[in-house]
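Asker: the following block contains a protein sequence and its predicted model.
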Amino acid sequence: MRDDLSETIASHVLEERLAERERLAALISGVSTALVRAQALPAALSRCCAAIVTHFGAASARIWTLGPGSNLLELQASAGVPAVDDRESRIPLGEGEIGRIAQRRQPHILNEPLGDPLRLPFAGFPLVAEDRLVGVLALSSPRTLRNAALQALAVIADGIALRIEREQVQARLQEQTEVVETINRIGQLLSAELDLQKLVQAVTDAATELTGADFGSFFYNVHNDQGDSYMLYTLSGVPGEMFAHFPMPRSTELFGPTFRGEATIRIDDVKKDSRYGKSSPYYGMPPGHLPVTSYLAVAVTSRSGEVIGGLFFGHSKPGVFNDRHERIVEGLAAQTATAMDNARLYQASQRAIQQRDMLLTSEQAARQQAEVASQAKDEFLSLLSHELRTPLNAILGWTRLLSAGNLEPSVFTRAIETIDRNAKLQARLIEDMLDVSRIISGKLRLDAQPVDLTAVIHAAVDTLRSAADAKGIRIGVVLDYGAGLVLGDPVRLQQVIWNLLSNAIKFTPKQGRIQIQLERINSHVEVTVSDTGPGIDEAFLPYVFDRFRQADSSAVKKHGGLGLGLAIVRQLVELHGGTVEAGNGDGAEGAVFVVKLPIMILRKAPESPSEEPVRVHPTLSGSVSFDCPPSLAGVRVLAVDDDADARYLLTNVLEKCGAKVRTCSSVREALAALEEEMPDILISDIGMPEESGYDLIKEFRAREAERGQRVPAVALTAYARVEDRLQALMAGYNMHVPKPVEPTELVVVIASLVPSKPS
């Protein structure tokens, strides 16, 4: 009986051993087949795990791999139950059972799960190939793991390790080939590319690709033509808009070493670094910044030791960058520094060539202008000789005939008229030359006073009426009698109108028509003189106001004169703070001259009561004596007007009453002044170029709302209609004062809005 039992037990043990051998043989065969037939490593490892579960009867099987230079085990394949936990997908070396198996490089077998009835026997094997750890194999089994099974699993682990090692070697070879090709391509680009922006962008893209970074950036210093240094940057891996609103990196503890040219910085987890998060205002990543865990920064230093900039790379995962990445980027940085030096030298040489070409062009233009000026001067001297000798010939000829004393009475009268006419003509020519001389030398003085241009125009028209009638030319006069006064010399302004009308009469054919028009446009008045003559040659238009220049200066020209009249017109108009333009009418028929003069900003009080009769309504048309009845002591005034004369006049008037005046010529300049100091009152013109007084008050009031204070504002403008006044008040001005204004009235308005301060 006992022998039968022993035989039964032996038979059963033998069967179990045979079954186990079959399972192990099937296991080894299945794993070997998976490792040999599967082309892709992930598929091969997944089949290995499936074979362990199927043939060995394991409850679960998992394989982690470790990349070169990495300290993280990454789960590559899994089969069986339970499901994989996210925490087990990436395991640092030395952490947990799997991490310790990898760190110690020793198998870990646990047949008795330390009193935990829910835990199955466990076996973990380090995957080592040629003394290099490449991963970990782990499994759990519902049966006790015997020596034979453990030996078979060890053999399987070696086979898996060899396959992983082979794949990693091939991957490294492929990666090295790609790196070499990329470096060669970048090297060729760096040696040939002289455009700095393209060069640094190519380097940033290549380095980001080679390091496997989520994004890379290159911050570098450049110098402008004035020698000032400023920083630019390029990005790779992300759109530029993602970093556009972030400030430039500063010399913080983290960025500073790179910008100072110190050693390369490589951090596996930047958030755990002692240098991270110590700089205001963010103390870490700014809001909206891409997540950065792995960090790599390399300085780019030129051959002369100058730090050109720095290459920075980031990745959201820890431990991404390794020694190899560091060496690659350092090599690229050295090549980049040399290439940037070459590019900057090339750009400097190109700027030098451009400057040389500009100087040559400027010299040629100056020489050409000098030749033209010399030719014009010669033509002018020839013309001057002709124009002076012609009337002189008539004067001398008739003088000799009169001296003979044998002229008939009718001839005698004609001789006197001829002598008188030619003497006046010669006097006019001489006066024009003297005027030009005074203007050039700066000796021409204006007797400035309030001038009504309607009276000036009437006087000039009356003077030239007979000359126009002689050619049958009709002169039409269209005047706006409410256009306002201008500050100027009435004699010189009449000379301007006389010259323009005389020029129009000269070139207008018989039975033609001339029109002179006066109107107010915004804060200035315009005088337009147009005719029905042949107009001005388009090629001559740019030179029509030049001295010594005439459209026809030949010996057979139809019209006499020295050609100084229009030059005098421009000089006189500019002395009055205005401008003059020339052009042709519609269809290029007839010349059109437009004179623009600024309206008086203030009325000028008479020096004595006898100069102006007493008015019944002085507030409408009279003048009030200016003696500063209200004091503006200590009041800070910001005056804004695009006209220099207006600003000068405002300054003088208000400072006489004790105000502290600051003037600006534009809205932008005024807003900048408001940032420096807030005034007690703002006085602004409305009609200004680029931006109007409405734009100014809108921005001014918006800034006040932020600061919680209210400053009075006065619109001092030539827009004097009721709707203009309403628009100014609705825009935010406290008062609307039309130009011209009495000085006393302006001072009273300011005093009513802001009290004076102790001096």
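Answerer: Perfect, thanks for sending it. Numbering: from 1, shown residues only.
Asker: alpha carbons only for contacts and neighbour counts from here, please
Answerer: Fine.
Asker: and the helices in the stretch 651-759 of the chain?
Answerer: Counting by DSSP state H, counting those that start in this stretch, the stretch 651-759 of the chain has helices at residues 667-676, 693-707, 722-731, 743-753.
Asker: of the ones you listed, which approaches I416 most closely?
Answerer: Closest approach to I416 among these is made by helix 743-753 (54.0 Å; CA to CA).
Asker: where does this protein have its least confident helix or strand?
Answerer: helix 618-621 (a mean of 35; mean pLDDT, DSSP states H and E).
Asker: could you list the low-pLDDT ranges of the stretch 651-759 of the chain?
Answerer: The model of the stretch 651-759 of the chain has pLDDT under 70 over residues 720-721, 755-759.
Asker: could you do the stretch 201-350 of the chain as well?
Answerer: Residues of the stretch 201-350 of the chain that meet the cut-off, pLDDT under 70, sit at 222-232, 240-251, 276-289.
Asker: ok, which stretches of it are strands?
Answerer: 215-223, 229-236, 265-267, 294-301, 307-315 (DSSP state E, counting those that start in this stretch).
Asker: of all those, which one is nearest L674?
Answerer: L674 lies closest to strand 229-236 among these, at 28.0 Å (CA to CA).
Asker: one step back: can you lay out the helices of the stretch 651-759 of the chain as TSV showing mean neighbour count?
Answerer: Below are those laid out as TSV (neighbours: other CA atoms under 10 Å):
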stretch	mean neighbour count
helix 667-676	15
helix 693-707	16
helix 722-731	15
helix 743-753	19
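Asker: need those helices in TSV with distance to L541, can you?
Answerer: Shown next, in TSV, are the helices of the stretch 651-759 of the chain (distance: least, CA to CA, whole Å):
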stretch	distance to L541
helix 667-676	33
helix 693-707	34
helix 722-731	37
helix 743-753	42
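Asker: among those, which is nearest A297?
Answerer: Closest among the helices of the stretch 651-759 of the chain, using CA to CA: helix 667-676, at 39.8 Å.
Asker: CA atoms only: put that closest one into PDB for me.
Answerer: This file holds the C-alpha atoms of helix 667-676, laid out as PDB (Å, rounded to 0.1, in the frame of the first residue of the first chain):
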ATOM      1  CA  VAL A 667      -1.000 116.200 -29.000                       C
ATOM      2  CA  ARG A 668       1.800 113.500 -28.500                       C
ATOM      3  CA  GLU A 669       4.100 116.100 -27.000                       C
ATOM      4  CA  ALA A 670       1.400 117.300 -24.700                       C
ATOM      5  CA  LEU A 671       0.500 113.800 -23.500                       C
ATOM      6  CA  ALA A 672       4.200 113.200 -22.700                       C
ATOM      7  CA  ALA A 673       4.300 116.500 -20.800                       C
ATOM      8  CA  LEU A 674       1.300 115.400 -18.800                       C
ATOM      9  CA  GLU A 675       3.100 112.300 -17.700                       C
ATOM     10  CA  GLU A 676       5.900 114.400 -16.200                       C
END
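Asker: what helices and strands are in contact with that helix?
Answerer: Applying 3 or more CA pairs under 8 Å, 6 or more residues apart in numbering; DSSP states H and E, we find helix 667-676 packed against strand 636-640, helix 693-707.
Asker: and the angle for it with strand 636-640?
Answerer: Using axes from the mean of the first three to the mean of the last three CA atoms, to 10 degrees, the direction of helix 667-676 lies 160 degrees away from that of strand 636-640.
Asker: now tell me what touches helix 667-676 from outside.
Answerer: 638, 640, 664, 691-693, 695-696, 699-700 (CA atoms under 8 Å, 6 or more residues apart in numbering).
Asker: for Q106, phi and psi?
Answerer: With angles defined as degrees, to the nearest 10, Q106 sits at phi -130, psi 140.
Asker: how far away is it from D131?
Answerer: Distance from Q106 to D131, counting by CA to CA, to the nearest Å: 12 Å.
Asker: my guess is G732 contacts A702, does it?
Answerer: No - look at G732 against A702 with CA atoms under 8 Å: they stay out of range, at 10.3 Å.
Asker: re earlier: mean neighbour count and distance to K656 added to the strands of the stretch 201-350 of the chain, as TSV?
Answerer: Listed next are those as TSV, based on neighbours: other CA atoms under 10 Å; distance: least, CA to CA, whole Å:
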stretch	mean neighbour count	distance to K656
strand 215-223	20	49
strand 229-236	16	47
strand 265-267	18	67
strand 294-301	26	62
strand 307-315	24	57
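Asker: and F122, which of the ones you listed is closest to it?
Answerer: Among the strands of the stretch 201-350 of the chain, strand 294-301 comes nearest to F122, with 34.3 Å by CA to CA.
Asker: who does T717 bridge with?
Answerer: P738 (DSSP bridges).
Asker: neighbours of E112, how many?
Answerer: 13 (other CA atoms under 10 Å).
Asker: ditto for L24
Answerer: L24 has 21 neighbours, counted by other CA under 10 Å.
Asker: re earlier: out of the helices of the stretch 651-759 of the chain, the one nearest M358 is which?
Answerer: Here helix 667-676 is closest among the helices of the stretch 651-759 of the chain (CA to CA), at 32.4 Å.
Asker: how far out from the middle of the chain is the closest one?
Answerer: For helix 667-676, the separation from the chain centroid amounts to 19 Å (computed by CA atoms, centre = their mean, to the nearest Å).
Asker: for stretch 44-53, same thing?
Answerer: 62 Å.
Asker: can I get that stretch in PDB, CA atoms only?
Answerer: This file holds the C-alpha atoms of stretch 44-53, laid out as PDB (Å, rounded to 0.1, in the frame of the first residue of the first chain):
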ATOM      1  CA  ALA A  44       8.200  42.600 -29.600                       C
ATOM      2  CA  LEU A  45       8.000  43.600 -25.900                       C
ATOM      3  CA  SER A  46       4.200  43.500 -25.900                       C
ATOM      4  CA  ARG A  47       4.300  39.900 -27.400                       C
ATOM      5  CA  CYS A  48       6.900  38.900 -24.800                       C
ATOM      6  CA  CYS A  49       4.600  40.100 -22.000                       C
ATOM      7  CA  ALA A  50       1.700  38.200 -23.600                       C
ATOM      8  CA  ALA A  51       3.700  35.000 -23.900                       C
ATOM      9  CA  ILE A  52       4.700  35.200 -20.200                       C
ATOM     10  CA  VAL A  53       1.000  35.500 -19.200                       C
END
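Asker: so E699 versus I750, what's the distance?
Answerer: From E699 to I750 the distance is 21 Å (CA to CA).
Asker: point out where the stretch 501-650 of the chain drops to low pLDDT.
Answerer: Residue ranges of the stretch 501-650 of the chain with pLDDT under 70: 547-563, 587-588, 601-627, 629, 645.
Asker: and the helices in it?
Answerer: Using DSSP H, counting those that start in this stretch, helices in the stretch 501-650 of the chain cover 565-575, 618-621, 644-656.
Asker: how about those, which one is nearest T361?
Answerer: Closest to T361 of the helices of the stretch 501-650 of the chain, according to CA to CA: helix 565-575, at 27.9 Å.
Asker: from A59, how far off is the residue nearest to S140 when sequence neighbours are not counted?
Answerer: Leaving aside its chain neighbours, S140 sits nearest to F122 (4.5 Å; criterion: CA to CA, 6 or more residues apart in numbering). Using CA to CA, F122 is found at 10 Å from A59.
Asker: hmm, back to that, the residue nearest to S140 touches P142, doesn't it?
Answerer: No - the criterion here is CA under 8 Å, and F122 misses it with P142 at 9.2 Å.
Asker: so A148, which state does it fall into?
Answerer: Following DSSP: H, G, I helix; E, B strand; the rest coil, the label given to A148 is helix.
Asker: count of residues packed around it?
Answerer: 13.
Asker: do you know the pLDDT at it?
Answerer: A148 carries a pLDDT value of 82.
Asker: going forward, begin numbering at 186 instead of 1
Answerer: In the new numbering, first residue 186, that becomes A333.
Asker: how far away is it from L867?
Answerer: A333 is 99 Å from L867, by CA to CA.
Asker: quick check: neighbours shared by F307 and A244?
Answerer: Common neighbours of F307 and A244 (CA under 8 Å, 6+ apart) are 324-326.
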